Structure formats: C-alpha cells, structure tokens
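1. Curious how this folds, go ahead:
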Amino acid sequence: MSVTPQISLVAYESRDGRRVFVKVPDERGRYMLTDRCVVEVSCPNCRSAIGEPCKGLQKSYSVDTCYLRRRAYNFKRKGWAIPPPVDQMPAKPRYKLVLPKDQS
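-> Coordinates of the predicted model:
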C-alpha cells in the first residue's frame, strides 16, 4: 500500500507578504516558510502542484523554490515577459561633451 501526500492549500502569509508558511505534505503538523510562488503557480521543473513545496535533489520537499516557478509567478502577477537577448537590447545613449574653443 503506497502513501500519497496530501496537499493542503492552507497557507499563512508572513508580515512582508513575500513568503508564506505552507504545510509539508508528507509530514504531519509541519509547516515551512517558503516563497509566495508556491501558493500561486505549479512548478514546471519539479512538477509540484499549487500549494506543494518544490522538491530538491533528494526528492524531498525543500524550502528553496525552482527558478522556473518563480519566473512563472512573476509572469502571472506582474506581466513580466522573457527578456530579449543581450544583442537585441537597446543601446545606452552616449553623449560627447563638446567644449567651446578658447578665443584668445
């Protein structure tokens, strides 16, 4: 008989609003402080569901979140798009200071 983790969408927000306490699915009564993206979007990298913390290298739940999950959260909340490649970024304007010649 296999045990499947229970994913709870109960989360408690921290004071600054960027982090949340989420329940660890495979341990009873344990919460962890993690990034807010955990309760907003699922993870395309480690395949964690919404409300489930990201899985680390050992396939156990980790406080850290995957980069792709944070990026998906930023896209969802702030409308961030994928930044253009460096060679297509607009160049910074360059100004040349021209001093008048001294009339002596």
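2. Touching, Ala11 and Arg19? I think so.
-> No: between Ala11 and Arg19 there is no contact under CB atoms under 8 Å: 10.0 Å. In this view, the C-beta of every residue, glycine as well, is placed from N, C-alpha and C.
3. Could I get the phi/psi values of Asn74?
-> For Asn74, the backbone dihedrals are phi -60, psi -40 (criterion: degrees, to the nearest 10).
4. What residues does Glu40 make contact with?
-> Contacts for Glu40 (CB atoms under 8 Å, 6 or more residues apart in numbering) come out as Ile50, Tyr73, Lys76, Arg77.
5. Name the helix or strand for Val20, please.
-> Of the helices and strands defined by DSSP states H and E, Val20 is found in strand 19-23.
6. average pLDDT across that strand?
-> Averaged over strand 19-23, pLDDT sits at 87.
7. Can you name the element that comes right after it?
-> Assigned by DSSP H and E, the successor of strand 19-23 is strand 31-35.
8. what pLDDT, on average, does that next one get?
-> Strand 31-35 comes out at a mean pLDDT of 90.
9. Check stretch 47-57 too.
-> 88.
10. what packs against the strand holding Val20?
-> Applying 3 or more CB pairs under 8 Å, 6 or more residues apart in numbering; DSSP states H and E, one finds that strand 19-23 contacts strand 11-13, strand 31-35.
11. Next one: Asp87, what pLDDT does it get?
-> For Asp87, pLDDT reads 49.
12. before we move on, back to that, buried set for the strand holding Val20?
-> Arg19, Val20, Val22, Lys23 (16 or more other CB atoms under 10 Å).
13. Would you check that the second one makes contact with Tyr12?
-> Put plainly, it is Val20. Yes: if you go by CB under 8 Å, Val20 and Tyr12 touch, sitting 6.4 Å apart.
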